[in-house]
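Student: sequence and predicted structure are below.
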Amino acid sequence: MKILLLGAGGFIGANLTERLVKDGQHEITALDIERAKLDETVKNGEIRFIHFDIRANEKKLERLTADHDAIIDLVAMANPSLYVSNPIDVFKLNFTENLKIAEFCVKHRKRIIQFSTCEVYGVTAARAFGKDSSKHPVPFAEDDTPLIMGPVKSHRWIYACAKQLLERVLHAYGLEEGLNYTIIRPFNFIGPRIDYLPSEQTGNPRVFSHFMNALLYGTPIKLVDGGVNYRAYTYIDDAVDCIVRIIDNRGGVCDRQIFNIGTPENEVTIKELANKMCATFDKYFRQPADPYPEIVSVSGEEFYGKGYEDCDRRIPDVTKARKLVGWRSEHDLDSVLFRTMKYFVEKHRTKQPSPGRDAVARYISREPESADFAICDGQRTDHLGNRLNVRKGRCRG
Ligand code: UDP
């Protein structure tokens with residue numbers, strides 16, 4: 001099959017491209033405005049890479065669509081701080097430009113696999129009705145759960161709304177014009193090639209990278225609104241495994257379907273995530289000269305700007321992926337964090353090695369045996385639990 005992979009240079013795209021190349025079953029054309037994450041694959045000449053901005057040349061985009069069997073669309077601005085700072089750009093790229101791709105697929109009768117987001121579910125029904133969602137663990141199901149957005153003045157929701165509208169348009173094209181689409185809603189994938197260290201680039205990456213920055217370089221660990229909201233993390237290789245099954249689409253089971261890809265068992269609050277990351281770092285990666293970051297609580301508005309509102313809880317219901325493509329994720333949270341932290345430390349630690357490095361390096365090459373985080377240093381746990389509102393105060397290891 002000839003696959004056109006739009007947005008191949010991002011975190012999901014690069015991991016997916018590498019896996020498709022390894023499988024060797026398809027001919028891949030990869031497009032992106034960046035290729036740093038794909039450099040090795042491109043250097044080896046294993047894919048055709050085109051440096052291309054989908055906003056720049058509609059005719060070329062149409063020609064490329066017409067020339068391939070399946071279009072995988074990963075092009076998006078998918079970063080909460082951008083939803084707040086650049087809402088119009090977010091809408092234009094995530095809806096207007098992506099709509100063109102969908103319409104070329106309708107015109108040329110091509111299959112489209114559209115990446116959407118778990119944010120389309122918005123806030124939980126519990127939150128919307130003034131209840132505490134920590135007491136109501138209700139998974140989000142693709143074909144049943146209502147999509148509940150916050151008010152317009154909380155313009156963070158423009159991303160979720162743009163994605164939701166795109167999903168609805170694909171569905172309508174499926175009904176009226178027979179468009180063959182599959183929609184994927186990723187739930188917090190992490191793993192190798194995850195976004196950058198905040199201090200190295202402008203912008204604002206995901207929480208994992210912020211916490212790693214804190215552990216490596218001593219910036220504060222900032223818990224937005226105390227870190228009470230939940231996320232469920234999925235290892236990128238597990239996610240890619242599901243995506244490949246969806247691309248293969250044996251028996252056409254994925255035609256006109258929406259899929260959650262996520263790992264409900266890996267749900268944590270952001271405060272728990274910070275605790276686990278500190279414990280994992282101390283156990284496997286810490287060098288003697290590493291700082292102990294302070295932990296502070298900041299408001300969402302302070303961290304992201306006016307117009308931010310958080311998703312309180314999003315538990316994926318993955319029954320459909322299990323039933324239709326036989327998928328389930330394999331990595332538990334300890335393994336996901338260990339592997340992603342290992343990648344991040346190897347890629348981003350730039351400090352001079354300290355005397356203890358060799359000893360730590362021996363640990364780095366191991367998987368956590370049981371990663372029993374209950375043995376996490378009591379002082380740190382206390383610090384996380386009891387001193388959240390204290391602006392100063394070091395975490396002691
Ligand atoms: N968050 C945090 N500290 C940070 C960055 C993010 O507490 O340094 C919170 C954020 O408010 C949200 C969660 O962590 O509740 C996940 O944020 P992320 O940026 O990873 O993306 P999201 O899952 O919201 O798309």
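Tutor: Everything's here; your move.

Student: buried set for stretch 204-219?
Tutor: Neighbour counts over stretch 204-219 (16 or more other CB atoms under 10 Å) mark 204-217, 219 as buried. C-beta here means a position set from N, CA and C on the backbone, and glycine is covered the same way.

Student: lowest-confidence member of these, which is it?
Tutor: Among these, residue 204 carries the lowest pLDDT, at 85.

Student: that residue: what secondary structure?
Tutor: Under DSSP: H, G, I helix; E, B strand; the rest coil, residue 204 falls in the coil class.

Student: so residue 72 belongs to a helix, correct?
Tutor: No. Read with three-state DSSP, residue 72 is strand and lies in no helix.

Student: check what pLDDT residue 353 gets.
Tutor: With respect to pLDDT, residue 353 scores 42.

Student: same question but for residue 53, I mixed them up
Tutor: On the pLDDT scale, residue 53 gets 95.

Student: what's the closest non-adjacent residue to it?
Tutor: The spatially closest residue to residue 53, leaving aside those adjacent along the chain, is residue 33, at 5.1 Å (CB to CB, 6 or more residues apart in numbering).

Student: tell me the spacing between that neighbour and residue 111.
Tutor: Here residue 33 is placed at a distance of 24 Å from residue 111 (CB to CB, to the nearest Å).

Student: neighbour count: the two, which is higher?
Tutor: More crowded of residue 33 and residue 111, by other CB atoms under 10 Å: residue 111, with 21 against 14.

Student: dig out what that one forms beta bridges with.
Tutor: residue 70 (DSSP bridges).

Student: low pLDDT regions in this structure?
Tutor: Within the chain, the stretches with pLDDT under 70 are 202, 351-397.

Student: ok, back up a step: mind listing what the residue nearest to residue 53 touches?
Tutor: Contacts for residue 33 were tallied using CB atoms under 8 Å, 6 or more residues apart in numbering; they are 9, 51, 52, 53.

Student: quick one: contacts for residue 31?
Tutor: 4, 5, 6, 7, 8, 49, 50, 51, 52, 54, 64.

Student: for residue 122, same thing?
Tutor: Residue 122 sits next to 147, 148, 149, 150, 157, 160, 311 when contact means CB under 8 Å, 6+ apart.

Student: near the ligand, anything from stretch 339-347?
Tutor: No. Against the ligand, stretch 339-347 shows no contacts by CB under 6 Å from any ligand atom, the least distance being 12.4 Å.

Student: in that stretch, what counts as buried?
Tutor: Under the neighbour-count criterion of 16+ other CB under 10 Å, stretch 339-347 has 339, 340, 341, 342, 343, 344, 345 buried.

Student: send the alpha carbons of that stretch over as CSV?
Tutor: Output of stretch 339-347 as CSV, limited to C-alpha atoms (Å, rounded to 0.1, in the frame of the first residue of the first chain):
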residue,chain,number,x,y,z
ARG,A,339,11.6,3.7,29.6
THR,A,340,10.7,7.3,28.8
MET,A,341,12.9,8.7,31.5
LYS,A,342,15.8,6.6,30.3
TYR,A,343,15.4,8.0,26.8
PHE,A,344,15.1,11.5,28.2
VAL,A,345,18.1,11.3,30.5
GLU,A,346,20.3,9.9,27.7
LYS,A,347,19.2,12.5,25.3
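
Student: show residues contacting that stretch.
Tutor: By CB under 8 Å, 6+ apart, the residues outside stretch 339-347 that reach it are 190-194, 208-209, 212, 216, 235, 277, 280-281, 284-285, 331, 364.

Student: out of these, which are buried?
Tutor: Neighbour counting by 16+ other CB under 10 Å classes 190-194, 208-209, 212, 216, 235, 277, 280-281, 284-285, 331 among these as buried.

Student: picking up where we left off before, so which of the contacts of stretch 339-347 are in strands?
Tutor: Members of the contacts of stretch 339-347 lying in strands (criterion: DSSP state E): 190, 235.

Student: out of the contacts of stretch 339-347, who's near the ligand?
Tutor: The subset of these within reach of the ligand, by CB under 6 Å from any ligand atom, is empty.

Student: tell me which parts of this protein are close to the ligand?
Tutor: Taking CB under 6 Å from any ligand atom as the criterion, the chain approaches the ligand at residues 80, 188, 206-207, 210, 222-224, 227, 229, 231, 270, 300, 310.

Student: which of the contacts of residue 122 fall within helices?
Tutor: When DSSP state H is applied, the contacts of residue 122 are split such that 157, 160 fall in helices.

Student: for the buried residues of stretch 339-347, which one is nearest the ligand?
Tutor: Of all those, the ligand sits closest to residue 340, with 12.4 Å by CB to the nearest ligand atom.

Student: please, which helix or strand holds the closest one?
Tutor: Element membership for residue 340, per DSSP states H and E: helix 333-348.

Student: what about that helix, distance to the chain center?
Tutor: The chain centre lies 15 Å from the centre of helix 333-348; the measure is CA atoms, centre = their mean, to the nearest Å.

Student: kindly report the same for stretch 174-184.
Tutor: Chain-centre distance of stretch 174-184: 24 Å, with CA atoms, centre = their mean.

Student: now do the same end-to-end measure for it.
Tutor: Across stretch 174-184, the terminal residues are separated by 16 Å (CA to CA, to the nearest Å).

Student: buried residues in it?
Tutor: 174, 179, 180, 181, 182, 183, 184.

Student: same question for stretch 221-231.
Tutor: By neighbour count on 16+ other CB under 10 Å, the buried set for stretch 221-231 is 221, 222, 223, 224, 225, 227, 228, 229, 230, 231.

Student: likewise stretch 62-82?
Tutor: Using 16+ other CB under 10 Å as the test for burial, stretch 62-82 gives 62, 64-65, 68, 70-76, 78-82.

Student: got the contact list for residue 266?
Tutor: Counting by CB under 8 Å, 6+ apart, residue 266 has contacts 232, 233, 234, 329, 331, 332, 333, 336.

Student: with adjacent residues omitted, what lies nearest to residue 260?
Tutor: Ranked by CB to CB, 6+ apart and with sequence neighbours excluded, the top spatial neighbour of residue 260 is residue 316, at 4.2 Å.

Student: same check on residue 64?
Tutor: Distances taken as CB to CB, 6+ apart put residue 4 closest to residue 64, at 5.6 Å, once the chain neighbours are dropped.
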